[in-house]
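A.B. asks: sequence first, predicted coordinates after that:
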Amino acid sequence: MDASTIAGFALIAAGAFVAGGMNAMAGGGTFFSFPALLAAGVPPVMANASNTVALWPASLSSAWAYRRELEKHRRFALLLIGASFVGGICGGLLLLATSNAAFARLIPWLLLTATALFAFAGHVQRLIAAIKGRLGATQASAPGSPGGVLFQLFVAVYGGFFGAGLGILMMAALAIQGFKDMQEMNALKNVASAVSYTVAAITFIVAGAISWPHTLLMLVTATLGGYVGALLARRLPGLWLRRMVVAVGSTMTVIYFYKTYF
């Protein structure tokens, strides 16, 4: 094994570790792991599929670390799991059947929308409450709604197809629905991501779209990063986590706009 190959594997290992940690804390981990695979010479579609499989166990370990925070919203969590299951399968099949080119041009706009929604979630939530009030509707006492589950279904399709910014999209949707506790939001986001990653990963494995040498290395380092990131996220103030989500989303948006249109 020559020096360039060793350097490529080292880059992939580091990218996957950071990706696992970022996904546990704020989302956006694919920004680190996917480019690392491309830099190592893995073809784009295979890199995308391999990245999903590699981050799969990290999502499971992050969800496990947040299991206590899920108790308060167990019913809504079960609905999210169902939506993520269906959406993950659909997104995985869509990737295998469709070129990345057309969808890649939409990614910057999706990230921009998700980041803006999260940053201004409080304002949007008050606007929705005012509209409901004028229509004579009342807000539920507990956050979470059928509309939120439907939105999660579409987010899971996106996650199964590409996944960059998946956590930010989920956090934005949860914030707009009325979730305020960052730890509870992270718990719901992590368990939904775990399901979406699981079904998409199984789809890619069955289809034989994986680069196993790179994926196996990433499986180990991303899982470690995911658990470390989840533990760290539980110790950070909620305001810091919120700012981190906005910062990651803004950075990814600028980078993907530049890569796509310039």
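C.D. replies: Alright, I've got the coordinates.

A.B. asks: show me where the stretch 51-200 of the chain has helices.
C.D. replies: 74-97, 100-104, 107-119, 121-134, 146-161, 166-177, 182-207 (DSSP state H, counting those that start in this stretch).

A.B. asks: out of those helices, which gets nearest to M25?
C.D. replies: M25 lies closest to helix 182-207 among these, at 7.7 Å (C-beta to C-beta). Quick note: C-beta positions are derived from backbone N, CA and C, even for glycine.

A.B. asks: what average pLDDT does the closest one get?
C.D. replies: Averaging pLDDT along helix 182-207 gives 88.

A.B. asks: kindly reformat the helices of the stretch 51-200 of the chain as JSON lines containing distance to W64 and mean neighbour count.
C.D. replies: Below are those laid out as JSON lines (distance: least, C-beta to C-beta, whole Å; neighbours: other C-beta atoms under 10 Å):
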{"stretch": "helix 74-97", "distance to W64": "13", "mean neighbour count": "19"}
{"stretch": "helix 100-104", "distance to W64": "31", "mean neighbour count": "12"}
{"stretch": "helix 107-119", "distance to W64": "25", "mean neighbour count": "20"}
{"stretch": "helix 121-134", "distance to W64": "27", "mean neighbour count": "13"}
{"stretch": "helix 146-161", "distance to W64": "19", "mean neighbour count": "21"}
{"stretch": "helix 166-177", "distance to W64": "16", "mean neighbour count": "27"}
{"stretch": "helix 182-207", "distance to W64": "9", "mean neighbour count": "24"}
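
A.B. asks: reformat those as TSV; add distance to S50.
C.D. replies: Shown next, in TSV, are the helices of the stretch 51-200 of the chain (distance: least, C-beta to C-beta, whole Å):
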stretch	distance to S50
helix 74-97	12
helix 100-104	14
helix 107-119	18
helix 121-134	33
helix 146-161	14
helix 166-177	16
helix 182-207	8
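
A.B. asks: of those, which is nearest Y261?
C.D. replies: Short answer: helix 107-119, nearest of the helices of the stretch 51-200 of the chain by C-beta to C-beta, at 7.5 Å.

A.B. asks: now do that closest one: distance to the chain's middle.
C.D. replies: 13 Å (C-alpha atoms, centre = their mean, to the nearest Å).

A.B. asks: ditto for stretch 219-229
C.D. replies: 15 Å.

A.B. asks: residues contacting it, please?
C.D. replies: 13-14, 16-25, 29, 33, 53-62, 65 (C-beta atoms under 8 Å, 6 or more residues apart in numbering).

A.B. asks: swap the cut-off to 10 Å and go again
C.D. replies: By C-beta atoms under 10 Å, 6 or more residues apart in numbering, the residues outside stretch 219-229 that reach it are 12-26, 29, 32-33, 50-51, 53-65, 186, 190, 194, 212, 215, 218.
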